[in-house]
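Engineer: would you be able to build a 3D model of this:
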Amino acid sequence: MPIISDFWGGWFSFGEIAWNTARMVGSTSKASTTMAARILLRRIPKMVNLTTVVVGCYGPDDWRMFKKASAFATAAWTHALRLQSLTLDVPLDVLGHVLSSMPNFSSLQEFKITLRFMGLIPSHHDLLRKTAGFINRHSPTLTNLSVDVINSTINSSPLFQALDTLPVLRSMSLGYPIDRMGPTIPTGIGGFLKKHTRELKELRLQLHGSVIRHQGPSPSVIFQHHIFQQSLPCLTLLDLGLCQWEHDSRRPVRGYLTRYVSGFKGSLTTLIIRDFVFGFSDLRAVVEAIGGQQSILRRFQLHTHYLSCGLLDLLSRSLPNLHHLDLLFDSIVRNDNTASWYPNAHRLSCRPASTSSPIYD
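Structural biologist: Have a look, this model is predicted:
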């Protein structure tokens, strides 16, 4: 359950109020419920400096009762004249109810939405188009967009196909189920990215799901998906949350990943690769693809099986302008080529004492 922080200042989480209000609506004491609700409704207009709103309806919450808190949503929107960041982490079951109460926010810069459901949704296409309409109305100010598709049965293409070009969009975050990355399954994401090849500076991509025991799409299916086929020449930050494929798939993963990141060599300053453990050969291929004396990469985050002098030498030679290395490792290889294993992965985070100097000199 979200916590309300700085209630009269700049941050407000609606999820807990909505849930508590829903419980009050179902209370047996109608008089006390009405009094509590009226007191809270009188307080909300005092939040004149509200800049961030999180609307959350989570697992323990009763999404059917959540709808009964509409008066609180309407009150919050009415006075959110300075709203800059809005997060809708609610199931599709109540999303339409939330959207219907929202006005336009003249200063909205960041919009985050989670696409999931708890009950049975016969069709969600019209609802996603309505969501796209809300985003389009805020296109003059929207710089950050985050869409997290949780359920693999949700077809996101109506949302992305209905989105206009967002002229000031700079950052895109996308969570997507690997089960929906088949070659014949529409997503609409490739077309959306193609519209914003010049605008996007930051791309964060998280794949949801597992490919253990060869269940799920192969690396070739994943990396040939149109999400990975778009040219983004101005991208400075790439954050990839991948999968841990079986051992016999490592070589194809290395090849596909190397070709993908090499397309950003001239612009990328931050590369983060999560949920995939590199062997030395894998890492060498990727580093050589983005490295060299002309490399401008300043931050690199990854997970490797071994931490060794050879690995650090490789990074120092290939990434001369690296300022921040965040390295998760499972064991250390000593000079005698023996490894010391640890029960849990350890992290090595290196930053120079001066932010103007690289890690390696």
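Engineer: what's the least confident helix or strand in the chain, going by average pLDDT?
Structural biologist: Scoring the helices and strands of the chain by mean pLDDT, DSSP states H and E places helix 14-25 at the bottom, with a mean of 44.
Engineer: just give me the neighbour total for the closest residue to residue 260 other than its chain neighbours.
Structural biologist: Leaving aside its sequence neighbours, residue 260 sits nearest to residue 228 (C-beta to C-beta, 6 or more residues apart in numbering; 5.5 Å). (Glycine included, C-beta is placed from N, CA and C.) Residue 228 is flanked by 18 other residues according to other C-beta atoms under 10 Å.
Engineer: with residue 251 instead?
Structural biologist: Applying other C-beta under 10 Å, we find 13 residues neighbouring residue 251.
Engineer: and residue 181, by the same measure?
Structural biologist: Neighbour count of residue 181, defined by other C-beta under 10 Å: 23.
Engineer: one more: residue 47?
Structural biologist: By other C-beta under 10 Å, 21 other residues sit near residue 47.
Engineer: same thing with residue 94?
Structural biologist: There are 24 residues near residue 94, going by other C-beta under 10 Å.
Engineer: that one and residue 285, how far apart?
Structural biologist: Noted for residue 94: a distance of 46 Å to residue 285, by C-beta to C-beta, to the nearest Å.
Engineer: what sits against residue 95?
Structural biologist: Listed by C-beta atoms under 8 Å, 6 or more residues apart in numbering, the contact set of residue 95 reads 88, 127, 131.
Engineer: backbone dihedrals for it, please?
Structural biologist: With angles defined as degrees, to the nearest 10, residue 95 sits at phi -60, psi -40.
Engineer: again with residue 56
Structural biologist: Residue torsions, per degrees, to the nearest 10, at residue 56 are phi -130, psi 130.
Engineer: wait, isn't it in contact with residue 89?
Structural biologist: Yes. Contact criterion C-beta atoms under 8 Å: residue 56 and residue 89 qualify, at 4.5 Å.
Engineer: tell me the pLDDT of residue 297.
Structural biologist: Looking at residue 297, its pLDDT stands at 96.
Engineer: now the one 3 residues further on
Structural biologist: With respect to pLDDT, residue 300 scores 95.
Engineer: so what secondary structure elements neighbour the helix or strand harbouring it?
Structural biologist: For residue 300, the element it lies in under DSSP states H and E is strand 299-307. When contacts are defined as 3 or more C-beta pairs under 8 Å, 6 or more residues apart in numbering; DSSP states H and E, strand 299-307 sits against strand 270-278, helix 280-290, strand 324-333, strand 339-350.
Engineer: okay if I get these as CSV plus mean pLDDT and distance to residue 235?
Structural biologist: Converted to CSV, the helices and strands packed on strand 299-307 look like this (pLDDT from 0 to 100; distance: least, C-beta to C-beta, whole Å):
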stretch, mean pLDDT, distance to residue 235
strand 270-278, 93, 10
helix 280-290, 93, 12
strand 324-333, 86, 18
strand 339-350, 58, 24
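Engineer: in the stretch 1-150 of the chain, which spans are helices?
Structural biologist: According to DSSP state H, counting those that start in this stretch, the stretch 1-150 of the chain carries its helices in the segments 14-25, 30-43, 63-66, 70-78, 92-100, 125-137.
Engineer: among the ones you listed, show the one with the smallest mean pLDDT.
Structural biologist: Of all these, helix 14-25 has the smallest average pLDDT, which comes to a mean of 44.
Engineer: who touches residue 296 in this structure?
Structural biologist: Taking C-beta under 8 Å, 6+ apart, one finds 266-269, 321 in contact with residue 296.
Engineer: 7 Å - rerun?
Structural biologist: Shown in contact with residue 296 (C-beta atoms under 7 Å, 6 or more residues apart in numbering): 269, 321.
Engineer: any idea how far it is from residue 319?
Structural biologist: Applying C-beta to C-beta to residue 296 and residue 319 gives a distance of 10 Å.
Engineer: what do you get for residue 313?
Structural biologist: Noted for residue 313: a distance of 11 Å to residue 319, by C-beta to C-beta.
Engineer: comparing the two, which residue is more hemmed in?
Structural biologist: When neighbours are counted by other C-beta under 10 Å, residue 313 and residue 319 differ, and residue 319 comes out ahead with 24 against 11.
Engineer: so the more buried one touches residue 293, yeah?
Structural biologist: No. Using C-beta atoms under 7 Å, residue 319 is not in contact with residue 293, being 10.1 Å away.
Engineer: need the residue closest to the centroid of this protein.
Structural biologist: residue 173 (4.1 Å; C-alpha atoms, centre = their mean).
Engineer: what is that residue paired to in the beta sheet?
Structural biologist: residue 146, residue 204 (DSSP bridges).
Engineer: and the pLDDT for it?
Structural biologist: 98.
Engineer: which one is residue 307 nearest to, not counting chain neighbours?
Structural biologist: Among residues not flanking residue 307 along the chain, residue 329 sits closest, at 4.0 Å (C-beta to C-beta, 6+ apart).
Engineer: do residue 293 as well
Structural biologist: The spatial neighbour of residue 293 that comes closest, neighbours along the chain excluded (C-beta to C-beta, 6+ apart), is residue 320 at 6.2 Å.
Engineer: isn't there a helix covering the one you found?
Structural biologist: No. Looking at residue 320 with DSSP: H, G, I helix; E, B strand; the rest coil, it is coil, so not inside a helix.
Engineer: next, give phi and psi for it.
Structural biologist: phi -70, psi -20.
Engineer: how close does it sit to residue 291?
Structural biologist: Taking C-beta to C-beta as the measure, residue 320 falls 8 Å from residue 291.
Engineer: and these two? Which one has more around it.
Structural biologist: Neighbours of residue 320 and residue 291, each counted by other C-beta under 10 Å, are more numerous for residue 291; the result is 21 against 18.
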